[in-house]
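**Q** Sequence first, then the predicted structure:
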Amino acid sequence: MRRIKRTGRGACHLALVLWATFVLGGAAHAEAPDALDRLLASFAQVEGFEAQFREEKHIALLVAPLVNEGGVHYARPGMFARHTRTPERKSLVVRAGKVEFGTAAKGERVDTAKNPLARQVVDAYLGLVGGDRKRLEAAFTLSFEGNSDAEWTLRMVPRDARLRTVFSGLEFQGVGVRLVRLVVREGGGDWSETTFHGVIVPRTYGAPERERIFRLP
């Protein structure tokens, strides 16, 4: 099997991992803007959530997808963590405008204040879970189908041409404020599918939990 060279570092690595973890993407129907507003208003009321995930990454040169499994966490305001358990332990954490990924022994940090591309990705993600449509539409073209309190599909296409070289589109599916599935399509043609289960929403994190969960282990 041909060995694949991994080049996802810095902002590009951040974009792929962060959006392969969670959430969006003119309106498909006349009623879509109102339905999307209602969905975002519901997300804005959520103080936090927890879920388990299974990600299958489909790469053109591989017969079988690469599989990652673990858990994701969100706590208001603007704290996010994805902890992968298998096949290897690694994490991605967003906290206080900083993004870290890797492990406590070997991690990387991206300062979003100094990296416009990383800031755009982080702002867009936190815009969704924070229910901020203006923040989302500043970076992405959004389309929405379905019912805000039942099944829905939300798609996103990056406005920035540089970001489109990293991923060409995202598609989220959910039921109310419970996320069910995310598909990320990369600029080079590879794609990943993440399914969520064991979703706990709302989820409240006390101070000790925040210090333990929202950091590199």
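**A** Happy to help now that I have it.

**Q** Every contact and neighbour count from this point should use C-alpha atoms.
**A** Will do.

**Q** all strands for this structure, in order.
**A** Using DSSP state E, the strands of the chain run over residues 48-58, 66-75, 79-86, 90-95, 98-102, 107-111, 140-146, 151-158, 167-175, 178-186, 191-200.

**Q** Go through these and find the least confident stretch.
**A** Mean pLDDT per stretch puts strand 107-111 lowest among the strands of the chain, at a mean of 79.

**Q** which other helices and strands contact that strand?
**A** Other helices and strands packing on strand 107-111, by 3 or more C-alpha pairs under 8 Å, 6 or more residues apart in numbering; DSSP states H and E, are strand 98-102.

**Q** try 10 Å
**A** helix 10-19, strand 90-95, strand 98-102, helix 116-129 (3 or more C-alpha pairs under 10 Å, 6 or more residues apart in numbering; DSSP states H and E).

**Q** Send me that strand as PDB with only the CA atoms.
**A** The C-alpha coordinates for strand 107-111 follow below in PDB (Å, rounded to 0.1, in the frame of the first residue of the first chain):
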ATOM      1  CA  GLY A 107       0.900  19.700  21.000                       C
ATOM      2  CA  GLU A 108       0.500  22.700  18.600                       C
ATOM      3  CA  ARG A 109      -1.100  26.000  19.200                       C
ATOM      4  CA  VAL A 110      -2.800  28.400  16.800                       C
ATOM      5  CA  ASP A 111      -3.400  32.000  17.800                       C
END
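
**Q** circling back to that earlier point, of the strands of the chain, give the one that comes closest to residue 42.
**A** Closest of the strands of the chain to residue 42 is strand 178-186, at 10.6 Å (criterion: C-alpha to C-alpha).

**Q** Same list (the strands of the chain) but as TSV, adding distance to residue 128 and mean neighbour count.
**A** Below are these laid out as TSV (distance: least, C-alpha to C-alpha, whole Å; neighbours: other C-alpha atoms under 10 Å):
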stretch	distance to residue 128	mean neighbour count
strand 48-58	13	21
strand 66-75	12	20
strand 79-86	12	22
strand 90-95	14	22
strand 98-102	17	20
strand 107-111	21	15
strand 140-146	11	21
strand 151-158	11	21
strand 167-175	11	21
strand 178-186	12	22
strand 191-200	17	18
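
**Q** Could you export those strands as a markdown table, including distance to residue 126?
**A** What follows is those, written out as a markdown table (distance: least, C-alpha to C-alpha, whole Å):
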| stretch | distance to residue 126 |
| --- | --- |
| strand 48-58 | 12 |
| strand 66-75 | 10 |
| strand 79-86 | 9 |
| strand 90-95 | 10 |
| strand 98-102 | 12 |
| strand 107-111 | 16 |
| strand 140-146 | 13 |
| strand 151-158 | 14 |
| strand 167-175 | 15 |
| strand 178-186 | 15 |
| strand 191-200 | 18 |
